[in-house]
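K.L.:
got a sequence here, can you build the structure:
(one chain, ligands or ions: 1)
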Amino acid sequence: MTIERPAGEEPRGTVTEGLEIRSLEIPDVKVFRAPKKSDSRGWVMPSYSMNGLRAAGIDFVPLHENHCYSPKRGTMRGFHYQLPPYDQGKLIRVTRGRMLDVNVDLRRSSPTFGRYVMAELDPDGWNQILVPPGFAHCYCTLTDDCETIFKLDREFAPGHARGLAWNDPDLDIPWPIPADEVIVLPRDLDRPRFSTVTEFYD
Ligand SMILES: Cc1cn([C@H]2C[C@H](O)[C@@H](COP(=O)(O)OP(=O)(O)O[C@H]3O[C@H](C)C(=O)[C@H](O)[C@H]3O)O2)c(=O)[nH]c1=O
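P.N.:
Next up is the predicted model:
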């Protein structure tokens, strides 16, 4: 969906000018692409605007941001989620390399409880994925030298952090990297399967 606004209705350069928003199969998860404002020197991309997203009906106000670097293709980070009151909405984009981002719906009341959505993020597409609280998040890098930027609307709370097995056979996520080539911390190798998880949302 592109929001067209008459000239002058908004301050120049807000992210809603030319913002493209697409809902994934789980509609609460959005992928959007902010426009690049090009000129002879290069371009500027208004990558985040609270009011710009609000104008598009999305209320996401980050409290902090992480910049993550993974030197090797096949680096698996997740699945991770935080329990309330530190359940996090996440706005994720890639500034170098490419990765596959997967989110599993852990909201008991959701019609898509237990289902997942995937999106490939890379700088060429300049797409971002916006995941509301209630999901377990994981991504796998598809290239060497992958850098991701996460905006989060709740603080990091290790005591409330939980995990889910990235290779859960019931989820059967089609990761494009062979399991024996995946680079993953031992901590993320011992995560519970979805069928044995007891701590969900709502
Ligand atoms: C997330 C986070 C981490 N850290 C520190 C804690 C550790 O010393 C180090 C690595 O943390 P962690 O192992 O949690 O990072 P990942 O395995 O990449 O997990 C992260 O990426 C997956 C895909 C997620 O969805 C979470 O956002 C996040 O857990 O950074 C902080 O200081 N602040 C933070 O907000």
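
K.L.:
could you list the low-pLDDT ranges of this protein?
P.N.:
Residues of the chain meeting the criterion pLDDT under 70: 1-17, 125.

K.L.:
one more time with 80
P.N.:
1-19, 123-126 (pLDDT under 80).

K.L.:
host element of whatever residue of it ends up closest to the ligand?
P.N.:
With Cβ to the nearest ligand atom as the measure, residue 156 is the residue of the chain nearest to the ligand, at 3.2 Å. Every residue, glycine included, has its C-beta placed from N, CA and C. According to DSSP states H and E, residue 156 maps onto no helix or strand at all.

K.L.:
which residue, other than its chain neighbours, is closest to it?
P.N.:
Leaving aside its sequence neighbours, residue 156 sits nearest to residue 64 (Cβ to Cβ, 6 or more residues apart in numbering; 7.3 Å).

K.L.:
so where's the longest helix in this protein?
P.N.:
Secondary structure of the chain per DSSP state H: the longest helix is helix 50-55.

K.L.:
for the ligand, what are the nearby residues on this structure?
P.N.:
Residues of the chain found near the ligand, taking Cβ under 6 Å from any ligand atom as the criterion, are 66, 68, 77, 78, 80, 137, 138, 139, 150, 156.

K.L.:
adding neighbour count and secondary structure as columns, could you present the residues you listed in a markdown table?
P.N.:
Putting the residues of the chain next to the ligand into a markdown table (neighbours: other Cβ atoms under 10 Å; DSSP: H, G, I helix; E, B strand; the rest coil) gives the following:
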| residue | neighbour count | secondary structure |
| --- | --- | --- |
| 66 | 12 | strand |
| 68 | 16 | strand |
| 77 | 19 | strand |
| 78 | 21 | strand |
| 80 | 18 | strand |
| 137 | 21 | strand |
| 138 | 27 | strand |
| 139 | 28 | strand |
| 150 | 17 | strand |
| 156 | 13 | coil |
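
K.L.:
and of the residues you listed, the nearest to residue 93?
P.N.:
Proximity to residue 93 was ranked across those by Cβ to Cβ; first place goes to residue 150, at 8.5 Å.
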